[in-house]
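Peer 1: Sequence first, predicted model second:
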Amino acid sequence: MAEATHPEVHRHPAPTGFIRKYIFSLDHKVIGIQYILLALSAVVVGMIMSVLMRVNLSWPGTHLKIMETLFPQGAPGGVMTPEFYLSLVTMHGTIMVFFVLTTAPQGGFGNYFLPIQIGADDMAFPVLNMMSFWVTFVGFLVLLLAIFAEGNATVGGWISKLGESFAGGSGTVGPIGGWTGYPPLSALGKIAGPGQGAGVNLWIISIAIFCVGSLLGALNFITTLLNMRTRGMSLMRMPLTCWAWFTTAILALLSFPVLLGGGILLLLDRIAGTSFFIPGGLYVSGSTVPLHNGGSPLLWQHLFWFFGHPEVYIAILPGMGATSHILSTFARKPVFGYRAMVFAIFAIGGLGFFVWGHHMFISGMSPYSAVAFSILTLSIGVPSAIKTFNWLGTLWGAKIRFTTPMLFAIGFVSLFVAGGITGLVLGQTSLDFFFHDTYFVTAHFHLVMGVASIFGMFAATYFWFPKMFGRMMNESLGKFHFWITFLGVYAIFVPFHAMGLLGMPRRYASFGEYEFLKNSHSLVLFVTIAAIITVAVQVVFYFNFFWSMFKGKVAGDNPWEATTLEWTIPSPPPHDNFAGVVPVVYHGAYEFSVPGAPNDFIMQTEPEGVALGAELGGASGNGGNGHKA
Amino acid sequence: MATEAQALAGDWGGGVHPYRVGHRKLGMWLFIMSDSLTFSTLLMGYAYLRASNVWPTPFRFYPSIVFSSVMTLVLLSSSLTMVMAVSASARRNKSSARKWIVATALLGVTFIVLHAIEWKHLIDEGLRPFQLPAEWVEKWPGATPLFGATFFGITGMHMFHVFTGCIYLLVVAGRVKKLKHEDVEISGLYWHFVDLVWMFVFPMIYLLSVYPKK
Ligand code: HEM
Ligand SMILES: [Cu+2]
């Protein structure tokens, strides 16, 4: 291990056994794919849950045989209870935020492409890298256990052996505290009512495990990027993807420890009887809570959102990086304002640490702090606008190649703007008083964080798939997938704004009882149908993904005629990326349509001053591949 | 390693380690940054809760303050022995480095033992993570049981770091002949960090809770 300080020397020979090659692999490319597969599995669970929620909202009392089998207590007779709905909300949110949007963009694509794009043969710490994936994987298993801990007698039986506070049997299906797990209810344990028992313990443990995995990853990313850039890869020649992954890693390094600390305290409240988040004299479920006193639920909100706001940037920054990269590639133009883009990424990341209070406007905070948080929040609009206008500037007057990755990248910009606008609404204290905890918030964060990041990842998948698997994904299926998904997500989430304006509260299992919501039923129904269609269309994506892996059109080294280092090597890349050759970089990442150059793109490795035409020859592959479709 | 071309490209031009440190040392610095945020979380939480509650100030000169001061001294000395270890290793005197590292680990163990005794005093008095001794409740009516929670939580977390540090140091001592100088330095970084944390814990937990004179 001592030779790890020499990036030039390849540190581990290609493994041969199946286990070392595909399971406990040290190769960043395999680990990246493992992360992507984890996210692809987790998102299926998350999506199924969202459909179940929508079905319950539109057709209360729907009977589903499978639910009866899986969750005899949470859905007696196959009809979900309100508590079951809440546990679905919790699990859906937690799975999506942590195990989809924090794994695929960073752990997945970052792992695979950051080392290659900076010309390194692997991450700085391959063993840590492997550990961070497996730790995250265990976290996911624990989270899945949390669903079953209380609603399924068999699983509940195993878990209850862990101790008194793990005894299940409350009749719901795991945690119901939402992805934010607000105390005091989440800190009290079983006495707080159904769904606050074993499931919440497992939920906290899962999050804590996830924090550890992410910290290991973040440390690895930062070290790799700082120390392992190849010769000539100066900071300002890096692809914007690398800047995004780097900033994301810094955010993760500084925010996950806070969640970890908070999570430990919350767990102590539940299993060691402490009162960090439990004030005295609480009256819950018909009785006063004995023995606890002095704690503060607001402390949890501060800790959680100090993490939580940077977390939303952890989810979206890699998508921004991929979008910038892809827009430039298919617009055949340099990124408009590269430096401004870099500064904007850092500004967004930096400001993100000082705005957590905008989640707490209704907590009774001093109006002066509220104003400060409000102004800081709105000021994030400045770097966000810089990014948006630079994306538009990149597209301006371009001869765009409308490939599937390009469509998804443009979709990203659209969703980011559509969701970001409402951020300016919610960032104002007076307006948030009304909108807080309504579907308006749900609309905002689904568009800007949820679906935008997902679009970034779709773009990245279609874009890099040929590099990862050596074959192209099918363009027609891809475009079909894009259009239905694009229209679908707007059809789902735009009506959410209207519901929010009506005052429809989030985290409610049914609206039937409320007079003021009676008229919204058709809207609710419309959203559900849109959601079902959108979710169903994802089957096309999965089919395309796995089918293309084996049957797709063979891709050359550089099917998109892109400039960065990953396109200089074979698809899929050899074990140590550059086959022992250390690449040297002479150009910035986005030298498209350079006047006087023989081709409309210059590879980063193109030696300066060499007759360009002679150089290009074989290495740039079948350039016409994707964009003519 | 730096050729002329790289020297021209400067520290950030790629192909060099911009901070002139290897991966693992950089990694340790990053770990320290994130771990210090974990501790900050706990200490900020402590400050927040302490400010909004009746807080007992129970630490009499003996045993608590005496113990914690001696513990502080022990940890400070261990930092000194660690400095000696690193400088011996820099002089390539591996066996001397090994002795100093073992000495550091032993001081760490001493710290843990003293701390355990100090915990036991308080536990015997009746302090628990979820309740105060009856006497204290009388003396500070309305005081919160969070005193025990923060005390055991924060010092326990620190002790856990000292404990892992001792194991880490012993492993380094055992393998010191095979390790590079930088690896010894890295273990030193961790150890000094754990010491530094105590320099926040000691005043915030102990000195702010000294029993009032009258
Ligand atoms: C097919 C697309 C999706 C649909 C139909 C959908 C639907 C829903 C519904 C119905 C809720 C519960 C609202 C409530 O009762 O309060 C919800 C909550 C949530 N969703 Fe989604 N969702 C989708 C995708 C996503 C994605 C991609 C993310 C990733 C960030 C996400 C993150 C969340 C979060 C964080 C919550 C809040 C959970 C909580 O209140 O604790 N969702 N979603
Ligand atoms: Cu926020």
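Peer 2: All right, it came through fine. Since this is a predicted model, take the numbers as computed values, not measurements. Ligands and ions are numbered 1, 2, ... in the order given.

Peer 1: Now do the buried residues in the longest helix seen in chain B.
Peer 2: Longest helix in chain B, counting residues (DSSP state H): helix B:94-125. Residues B:94, B:97-112, B:114-115, B:118-119, B:122 are the ones in helix B:94-125 that count as buried (16 or more other C-beta atoms under 10 Å in any protein chain shown). Every residue, glycine included, has its C-beta placed from N, CA and C.

Peer 1: ok, now stretch A:81-100?
Peer 2: A:81-100.

Peer 1: now stretch A:24-41
Peer 2: Of the residues in stretch A:24-41, those with enough neighbours to count as buried (16+ other C-beta under 10 Å) are A:24-36, A:38-40.

Peer 1: just stretch A:421-440 next, same as before
Peer 2: Counting neighbours by 16+ other C-beta under 10 Å, one finds that the buried residues in stretch A:421-440 are A:422-423, A:426-429, A:431-432, A:435-436, A:438-440.

Peer 1: ok, and residue 40, which helix or strand is that part of?
Peer 2: Let's take chain A. Assigned by DSSP states H and E, residue A:40 falls within helix A:28-58.

Peer 1: Chain B, not that one
Peer 2: In this assignment (DSSP H and E), residue B:40 forms part of helix B:23-51.

Peer 1: Buried residues, the helix or strand that that helix is followed by. List them.
Peer 2: Downstream of helix B:23-51, the next assigned helix or strand under DSSP H and E is helix B:66-90. Within helix B:66-90, the residues that count as buried by 16+ other C-beta under 10 Å are B:67-68, B:71-72, B:74-75, B:77-79, B:81-82, B:84-86, B:88-89.

Peer 1: what's next to helix B:66-90, contact-wise?
Peer 2: Outside helix B:66-90, the residues within contact range by C-beta atoms under 8 Å, 6 or more residues apart in numbering or on different chains are B:59, B:94, B:96-97, B:100-101, B:103-104, B:107-108, B:110-111, B:114-115, B:117-118, B:121, B:176, B:181, B:184-185, B:188, B:191-192, B:195, B:198-199, B:202, B:206.

Peer 1: What sits closest to residue B:210 if chain neighbours are left out?
Peer 2: The spatially closest residue to residue B:210, leaving aside those adjacent along the chain, is residue B:59, at 5.3 Å (C-beta to C-beta, 6 or more residues apart in numbering or on different chains).

Peer 1: how many other residues sit next to that neighbour?
Peer 2: Applying other C-beta atoms under 10 Å in any protein chain shown, we find 22 residues neighbouring residue B:59.

Peer 1: residues contacting the residue in chain B that ligand 1 sits nearest to?
Peer 2: Using C-beta to the nearest ligand atom, residue B:41 is the residue of chain B that sits closest to ligand 1, at 22.0 Å. Applying C-beta under 8 Å, 6+ apart, we find residue B:41 in contact with A:257, A:258, A:260, A:261, A:262, A:303.

Peer 1: give me the element the fourth one is part of.
Peer 2: To tie it back to what came earlier, the one meant is residue A:261. Residue A:261 belongs to helix A:240-271 when assigned by DSSP H and E.

Peer 1: Quick one: name whatever helix or strand follows that helix.
Peer 2: The next secondary structure element downstream of helix A:240-271 (using DSSP H and E) turns out to be strand A:283-284.

Peer 1: Residues contacting that next one, please?
Peer 2: The set of residues that contact strand A:283-284 without belonging to it, under C-beta under 8 Å, 6+ apart, is A:184, A:185, A:188, A:191, A:192, A:193, A:289.

Peer 1: Who are the contact partners of the residue lying closest to residue B:78 once chain neighbours are set aside?
Peer 2: Counting by C-beta to C-beta, 6+ apart, residue B:107 is the residue found nearest to residue B:78 once chain neighbours are left out, at 3.6 Å. Neighbour list for residue B:107: B:74, B:75, B:77, B:78, B:81 [criterion: C-beta under 8 Å, 6+ apart].

Peer 1: Tabulate the residues you listed in CSV, adding columns for pLDDT.
Peer 2: Compiled in CSV, the contacts of residue B:107 are given as follows (pLDDT from 0 to 100):
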residue, pLDDT
B:74, 97
B:75, 96
B:77, 97
B:78, 97
B:81, 97
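
Peer 1: From these, pick the one nearest residue A:376.
Peer 2: Sorting the contacts of residue B:107 by how near they are to residue A:376, with C-beta to C-beta, puts residue B:75 at the top with 39.0 Å.

Peer 1: Which pair of the buried residues of stretch A:421-440 spans the longest distance?
Peer 2: Farthest pair in these (C-beta to C-beta) is A:429 and A:439. Separation: 19.7 Å.

Peer 1: that older thread, apply the buried test to the contacts of strand A:283-284 and list what passes.
Peer 2: Among the contacts of strand A:283-284, those classed as buried by neighbour count (16+ other C-beta under 10 Å) are A:184, A:185, A:188, A:192, A:193, A:289.

Peer 1: May I see the buried residues of stretch A:191-207?
Peer 2: Applying a neighbour-count criterion of 16+ other C-beta under 10 Å, one finds A:192-207 buried in stretch A:191-207.

Peer 1: whoops, I mixed them up, stretch A:479-498
Peer 2: Neighbour-count burial for stretch A:479-498 flags A:479-482, A:484-486, A:488-493, A:495-497 (criterion: 16+ other C-beta under 10 Å).

Peer 1: Relative to the whole chain's centre, how far out is that stretch?
Peer 2: Relative to the centre of its chain, stretch A:479-498 is centred 19 Å away, using C-alpha atoms, centre = their mean, to the nearest Å.

Peer 1: State the helix or strand in which residue B:150 lies.
Peer 2: In the assignment (DSSP H and E), residue B:150 maps to helix B:146-174.

Peer 1: quick one: the strands in chain A?
Peer 2: Under the criterion DSSP state E, chain A contains strands at A:283-284, A:287-288.

Peer 1: Can you convert those strands into a markdown table and add a column each for mean neighbour count and distance to residue A:578?
Peer 2: Converted to a markdown table, these look like this (neighbours: other C-beta atoms under 10 Å in any protein chain shown; distance: least, C-beta to C-beta, whole Å):
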| stretch | mean neighbour count | distance to residue A:578 |
| --- | --- | --- |
| strand A:283-284 | 12 | 61 |
| strand A:287-288 | 10 | 67 |
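
Peer 1: Tabulate those in TSV, adding columns for mean pLDDT and distance to ligand 1.
Peer 2: Formatted as TSV, the entries for those read as follows, by pLDDT from 0 to 100; distance: least, C-beta to the nearest ligand atom, whole Å:
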stretch	mean pLDDT	distance to ligand 1
strand A:283-284	92	20
strand A:287-288	89	27
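
Peer 1: In a markdown table: those strands, plus distance to residue B:170.
Peer 2: Rendered in a markdown table, the data for the strands of chain A read as follows (distance: least, C-beta to C-beta, whole Å):
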| stretch | distance to residue B:170 |
| --- | --- |
| strand A:283-284 | 48 |
| strand A:287-288 | 50 |
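
Peer 1: mean confidence for the helix holding residue B:40?
Peer 2: Helix B:23-51 shows an average pLDDT of 96 in the prediction.

Peer 1: Would you mark the buried spots in that helix?
Peer 2: Of the residues in helix B:23-51, those buried under the neighbour-count criterion (16+ other C-beta under 10 Å) are B:23-39, B:41-46, B:48-50.

Peer 1: same check, this time on stretch B:175-186
Peer 2: Neighbour count says stretch B:175-186 has B:176, B:179, B:181, B:182, B:183, B:184, B:185, B:186 buried, by 16+ other C-beta under 10 Å.

Peer 1: Fine, thanks again, bye for now.
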